[in-house]
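Engineer: Pasting the sequence and the predicted coordinates here, then a few questions.
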Amino acid sequence: MTVRWRDSLLTRTVAAVFVVNAFMLIVLTVLALLDQNAALDRQFRLRAESTASFLAAQCQLAMLVGDRQQLEQLAQAAIAAEDIVFVEFSDKQAPIRKQRAGYKPGSESVLEVTHEVTPMRSDLMDWEGRGPSRGKLGSVRLGVSLKAQRAAFVHTISSAASTVFLSLVLILIALTVRVARHMRPFHNLIASIHEIGSGNLWARAEVGRRDEIGLLATAFNEMTERLGATTVSKEYMDNIIGSMGEGLIVLDHRKRVRKLNHAAERLLDAPAEHWIGRPVDELLTGGPLVEGTGMERICRDASSNRIVVLVSSAVLCEDAGDRGGWVVVMQDLTERKRAEQELIEAKDAAEQANRARSAFLAGVTHELRSPLTSIIWSSELLEEEFVDEGLDSHVPDLQKIRRAGESLLKIVNDVLDMAKLDAGRTNVTREAFFLSQVLDEVAQMAEPLAARNGNRIMVENRTDVLEMENDSQKFRQSLLNLVSNACKFTQEGTVTIVAERESRGGADWVMVKVADTGIGIAPEIQCHLFEPFYQGDSSEGRKYGGTGLGLALSRGFCRMMGGDLSVESTLGAGSVFTMQIPAGIGFK
Amino acid sequence: MRDTVTIGRREWLGLLAALPGLAAGKTVRIWADSGIPAYAEALEGIRARLAAEGHGVTLEDRTQRAAPGSGSRVGIAVGREAMEKADTPPDVSVLITMALRQDVLGLARKPAGAVLLDMPPQPLLTGLSKLMRPKSRFGVILNPQRTSGVEAGLAAMAKQGSVPICVAECTGPERLLGAFLSLRGKADVVVTGPDGSLYSSATIKPLILASLENRLPLVGFSAAFVRAGAAFGVYPDFRDVGAQTAELALQMLAARKGQEEYPRKLVVAMNQKVCRLLGLNPEADPGAVVVFK
């Protein structure tokens, strides 16, 4: 955008200052010329009067003595001067007049001067004062042409006019250069404004000056700074919209497409021009367009392919609050759907594989249990027969075989239980049982193990009931695992089994705590303690033995019974395992 | 002519010296133009003389009105114009000095006494004889309209035949040169009298030129005339004129009647350069008092 030269501030400023300067210069020049003209007049008149005075002095004697010839000679000599056009001597006799050849009265401007000729006072009388002369001898009338003066004045005027014109041209040039230099920051400011107007809110005007223009540039920059802090540019918004991964469609109030972003173009497989102006129903089906989020719709691209999209839409409000249109964000669910399907398929396959594994484990363990059971039974029978026949020397070997078989059987049983648990083939058989009886049985079963390490088992039933309803076998096995572990990791200590009753959420719970004074469990191990086959330290595992399935099975059983298993332990001070089991039908 | 009176140190000293006279009421009032050297000389002579007699002087500009009741009975008007224009009280006897008789005759108020500048012919001739060769012939230009003055006195002496003087009458400036030239061969020196109607700056130049061309020396009547080109000059001693005036005033104060007196002392001057041009030998002339070189 350009400014016409007539409207330009530069032109107006230069014109205003130039007019003032020109007016002042012309007025001063005219005044100087008038003054010079007056001075010229004065000088000219003074010169004429001096000439007349001189002539009067010269003709004094001639007039005194009546020397006409002398007067004529004087007059002739006087008009020989360039600018004297006539001389006239008047005395008591007839006047004597001489004029320049070719001169006609009235033909040119003439300054006439008249000077009286008086008799000189005698200065030869030393004793007389210098008073005024008495009497009059005559007069001298002189005509001086003003032509030379006029010509000199005209020459002065033309010189002054030339000087004024030259000065005005120089002033105009200097003014234009100077004002243009002052205006340059304005152009920079305008350029900055254009740049900001085009969306570059980071553009700044060059300050560089300390005058009002500098202040204006500073204020403009501050304004732009604040504007930039509170306003985002169209380009910025376009960048945001363009960089969105989701397709964005802007509809007008008639639900016709008004604008699309690049993602929407890609999704709909056509440029924006193809869709602009079309009703939204042509590209979105599967339900009405309503305000909301997370709505699955079917989108049809330019090739009529169906694309499942997740739609979020909102109404655009214009300034007056009217509905100005809609904004619709579409997320392509094709990949997600494909991933979900793959996940489902993978899950099914994994479950199938798991079931096959469990079936395999179950089958294998079942096949292992039968010969192991036969080995244990056979070793017991042989042991009884050797004792009966007196072959006691073979009994220890048979006992080793039996204990190894029992140990192996336990491992197999644990693996089998774990496999069943993983395969979900373990069922909970709820039945009523006596809590005290189970506690005592477990203590009794663990007694040999406790005795082996010099431990003492204490049972404390703080509940006031006899029966509870849950899976007694899993309860017993879980508790036995905990007590066995406590006896195994405690030397010359105490293993305490405490049962308590607790009511939570309107139900009764049995809290069974197995506390020992053993080696304790490090905190970093506690979080992995209930994972299958996990043993805190491999050296410890080898030292204390076990498969690492006991605690995993106990927690699995507790959770199957509707409860849970937790641990609190201090390294070197002992551990407390707590079973929280629903009491079932309630204590009786 | 100046409207104010300038009183120098010497005047002030004179006034201080006259204080005793002021106290005694013996004051002489003087009206005079200031700025004229001849008047200053005359005033000096007046004051000196009056102070010697114990009288005070009240010096006034001639245009000022006299202070009433000053007690002076005698006043002195220095110059004709002072006599004409000074507001002299009627009870004061005014005597005039430094004026020609011709001028005094025309005054409206007749002075009670006068010391005139008209030189007596005989002393003038005596003075000139000291400068000129013996038996020199004198010429004189006479304005017949003037009945007094040195030229008139010389003309009268010429009529009597006591002295060889040739008289040339001149009625106006236009005839001055002719009158002068008519004395060629008849006189060895031409005497001029103080006549303002004949001698002025305009007429003096051709007269001097004619004097030089015809080797006919002029005798001027003032120092200015001698400076302008006259070979000789004879004129009154103005200081002595002042003293003479003071003495006349003292006589009048002594209740004696005033009278008309003429200069007692003349100054003889010569222009050395003009004399040389004229072929005269001024060094041989011991009578010259003032020599213009």
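Structural biologist: Structure received.
Engineer: Just the closest residue of chain B to chain A, please.
Structural biologist: In chain B, the residue that lies nearest chain A is B:Glu174 (3.6 Å; Cβ to the nearest Cβ). Every C-beta, even on glycine, is put in place using the N, C-alpha and C of the backbone.
Engineer: where in the chain is pLDDT low?
Structural biologist: With no chain named, the answer covers chain A. A:1-2, A:120-122, A:129-134, A:230-235, A:318-323, A:358, A:362, A:465-466, A:536-545, A:585-588 (pLDDT under 70).
Engineer: that's the wrong chain, I wanted chain B
Structural biologist: B:1-26, B:58-71, B:282-293.
Engineer: ok, now how distant is the most centrally placed residue in chain A from A:Thr365?
Structural biologist: For chain A, the residue nearest the mean C-alpha position is A:Ala229 (8.3 Å; Cα atoms, centre = their mean). Taking Cβ to Cβ, to the nearest Å as the measure, A:Ala229 falls 72 Å from A:Thr365.
Engineer: Kindly report the same for A:Phe18.
Structural biologist: Relative to A:Thr365, and taking Cβ to Cβ, A:Phe18 is found at 114 Å.
Engineer: Which residue ranges of the stretch 51-200 of chain B form strands?
Structural biologist: B:56-61, B:74-78, B:93-99, B:113-116, B:138-142, B:165-169, B:189-191 (DSSP state E, counting those that start in this stretch).
Engineer: Any idea which of those gets closest to B:Tyr199?
Structural biologist: strand B:138-142 (9.1 Å; Cβ to Cβ).
Engineer: What is that closest one packed up against?
Structural biologist: helix B:150-160, strand B:165-169, helix B:176-181, strand B:189-191 (3 or more Cβ pairs under 8 Å, 6 or more residues apart in numbering or on different chains; DSSP states H and E).
Engineer: I'd like these as TSV, with mean neighbour count appended.
Structural biologist: Below are those laid out as TSV (neighbours: other Cβ atoms under 10 Å in any protein chain shown):
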stretch	mean neighbour count
helix B:150-160	19
strand B:165-169	19
helix B:176-181	19
strand B:189-191	25
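Engineer: so can I have JSON lines of the ones you listed showing distance to chain A?
Structural biologist: Listed next are the helices and strands packed on strand B:138-142 as JSON lines, based on distance: least, Cβ to the nearest Cβ, whole Å:
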{"stretch": "helix B:150-160", "distance to chain A": "14"}
{"stretch": "strand B:165-169", "distance to chain A": "16"}
{"stretch": "helix B:176-181", "distance to chain A": "8"}
{"stretch": "strand B:189-191", "distance to chain A": "14"}
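Engineer: how about these in CSV, adding distance to A:Gln69?
Structural biologist: Shown next, in CSV, are those (distance: least, Cβ to Cβ, whole Å):
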stretch, distance to A:Gln69
helix B:150-160, 31
strand B:165-169, 24
helix B:176-181, 15
strand B:189-191, 27
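Engineer: which residue is nearest the centroid of chain B?
Structural biologist: Most central in chain B (Cα atoms, centre = their mean) works out to B:Leu117, at 3.5 Å.
Engineer: Pull the distance from stretch A:442-452 to the chain's centre.
Structural biologist: 71 Å (Cα atoms, centre = their mean, to the nearest Å).
Engineer: which outside residues touch that stretch?
Structural biologist: Applying Cβ atoms under 8 Å, 6 or more residues apart in numbering or on different chains, the external contacts of stretch A:442-452 come out as A:Arg456, A:Ile457, A:Val459, A:Arg476, A:Leu479, A:Leu480, A:Val483, A:Ser484, A:Cys487, A:Lys488, A:Val495, A:Ile497.
Engineer: Show me which positions of it end up buried.
Structural biologist: Of the residues in stretch A:442-452, A:Val442, A:Ala443, A:Ala446, A:Leu449, A:Ala450 count as buried by neighbour count, 16 or more other Cβ atoms under 10 Å in any protein chain shown.
Engineer: got it, and stretch A:458-476?
Structural biologist: Neighbour counts using 16+ other Cβ under 10 Å place A:459, A:461, A:463, A:465, A:467-472, A:474-476 of stretch A:458-476 among the buried residues.
Engineer: Chain B next: which of these are close?
Structural biologist: Near chain B, taking Cβ under 8 Å from any Cβ of the partner chain as the test, no member of those is found.
Engineer: Which of these fall within helices?
Structural biologist: A:Ser472, A:Lys474, A:Phe475, A:Arg476 (DSSP state H).
Engineer: Among the helices and strands packed on strand B:138-142, which comes closest to A:Thr285?
Structural biologist: Nearest to A:Thr285, of these and by Cβ to Cβ, is helix B:176-181 at 149.3 Å.
Engineer: Name the residues that touch the closest one?
Structural biologist: Here helix B:176-181 has contacts from A:65, B:141, B:168-170, B:190, B:198-199, B:203, B:206-207, B:210-211, B:214, B:216, using Cβ under 8 Å, 6+ apart.
Engineer: 7 Å instead, please
Structural biologist: For helix B:176-181, the surrounding residues in contact (Cβ atoms under 7 Å, 6 or more residues apart in numbering or on different chains) are B:Ile141, B:Ala168, B:Glu169, B:Cys170, B:Val190, B:Leu198, B:Thr203, B:Pro206, B:Leu207, B:Ala210, B:Asn214.
Engineer: got a winner among those residues for most neighbours?
Structural biologist: Using other Cβ atoms under 10 Å in any protein chain shown as the neighbour criterion, B:Val190 leads the contacts of helix B:176-181 with 27 neighbours.
Engineer: quick one: that residue and B:Leu183 touch, right?
Structural biologist: Yes. The pair B:Val190 / B:Leu183 is scored as a contact, 5.4 Å apart, by Cβ atoms under 7 Å.
Engineer: which residues are common contacts for those two?
Structural biologist: With Cβ under 7 Å, 6+ apart, B:Val190 and B:Leu183 have common neighbours B:Gly139, B:Leu216.
Engineer: can you pull the contacts of the closest residue to chain B within the stretch 351-500 of chain A?
Structural biologist: Closest approach between the stretch 351-500 of chain A and chain B, counting by Cβ to the nearest Cβ: A:Glu500, at 147.3 Å. Counting by Cβ under 7 Å, 6+ apart, A:Glu500 makes contact with A:Arg462, A:Thr463, A:Met511.
Engineer: Now find how far off-centre the helix or strand containing it is within its chain.
Structural biologist: Per DSSP states H and E: A:Glu500 is located in strand A:494-504. Distance of strand A:494-504 from its chain centroid, counting by Cα atoms, centre = their mean, is 61 Å.
Engineer: likewise stretch B:184-204?
Structural biologist: The answer for stretch B:184-204 is 16 Å, by Cα atoms, centre = their mean.
Engineer: Would you mind listing the buried residues in that stretch?
Structural biologist: B:186-204.
Engineer: Secondary structure element for A:Thr11, which one?
Structural biologist: Per DSSP H and E: helix A:9-65 holds A:Thr11.
Engineer: try A:Val442
Structural biologist: Going by DSSP H and E, A:Val442 is part of helix A:435-452.
Engineer: what angle do that helix and strand A:494-504 make?
Structural biologist: When axes from the mean of the first three to the mean of the last three Cα atoms, to 10 degrees is applied, the directions of helix A:435-452 and strand A:494-504 differ by 150 degrees.
Engineer: Find the closest residue to chain B in the stretch 51-200 of chain A.
Structural biologist: A:Val65 (3.6 Å).
Engineer: Tally up the residues packed near that residue, please.
Structural biologist: 18.
Engineer: quick one, what contacts it?
Structural biologist: A:Val65 neighbours (Cβ under 7 Å, 6+ apart): B:Pro173, B:Glu174.
Engineer: repeat that for 8 Å
Structural biologist: Residues near A:Val65 by Cβ under 8 Å, 6+ apart: B:Pro173, B:Glu174, B:Leu177, B:Thr203.
Engineer: likewise A:Gln473?
Structural biologist: A:Thr429.
Engineer: run the last query once more with 10 Å
Structural biologist: Residues near A:Gln473 by Cβ atoms under 10 Å, 6 or more residues apart in numbering or on different chains: A:Val428, A:Thr429, A:Glu431, A:Phe433, A:Val438, A:Phe557.
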